[in-house]
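Undergrad: after the sequence you'll find the predicted model.
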Amino acid sequence: MERVFTNILSYLPEHPPYYPRDMLTDKPERFFVAEIIREKILYSFRQEIPYSVEVVVETFQDKRNCITIRAVINADKQSQKSILIGKKGEALKRVGIAARKDLEQLFGKKVFLEQYVKIVPGWRNKPNHLHRFGYT
């Protein structure tokens, strides 16, 4: 295996690094917040719901002792919104608690996470929504 790796490296051109060594990614913090919330939705529902939602971080305020985040979970249908929220808000609360724990670990401080579910009918088939959600 080492020979294959060495052989491949011999064909690669040398180039200075594109990013500083201490820079882990070129993605903004909001991207990771949205992805962590989507991940928790995937784990919580495992059905049609996760693939019909998009998370948009509306506000991200990094204060000295905590981060305040307001995220909107865009659903395609009213029935999906009802499932995402759950009885007495329990499903949304479960997603929020799990996401907040991961976010606090990522950022190393307390996180206040507000989540809202909004219906955006047919967003997956509308170019303007796909663009707004970062798919184009």
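TA: Yep, it's here. Since the model is a prediction, treat every value here as computed from it, not as a measurement. Residues are numbered from 1 along each chain as shown.

Undergrad: just give the nearest non-adjacent residue to the residue nearest the centre of the chain, would you?
TA: Centroid check for the chain by CA atoms, centre = their mean gives residue 35 as the closest residue, at 1.5 Å. In space, and not counting its chain neighbours, residue 35 is closest to residue 55: 7.8 Å by CB to CB, 6 or more residues apart in numbering. In short, each C-beta sits where N, CA and C put it, glycine included.

Undergrad: which of the three states applies to that neighbour?
TA: Put simply, residue 55 is strand when judged by DSSP: H, G, I helix; E, B strand; the rest coil.

Undergrad: before we move on, what about residue 27?
TA: coil.

Undergrad: quick check: phi and psi at it.
TA: With angles defined as degrees, to the nearest 10, residue 27 sits at phi -90, psi 140.

Undergrad: where do the strands sit along this structure?
TA: Assigned by DSSP state E, the strands in the chain fall at 53-62, 66-75, 110-119.

Undergrad: could you export the ones you listed as TSV, including mean neighbour count, mean pLDDT and distance to residue 132?
TA: TSV is the format used below for those (neighbours: other CB atoms under 10 Å; pLDDT from 0 to 100; distance: least, CB to CB, whole Å):
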stretch	mean neighbour count	mean pLDDT	distance to residue 132
strand 53-62	16	94	8
strand 66-75	19	96	10
strand 110-119	15	96	13
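
Undergrad: return, as residue ranges, the portions of this protein with sub-threshold pLDDT.
TA: 47-50 (pLDDT under 70).

Undergrad: that one: helices as residue ranges?
TA: In the chain, the segments counted as helices under DSSP state H are 2-11, 29-45, 78-85, 90-107, 127-132.
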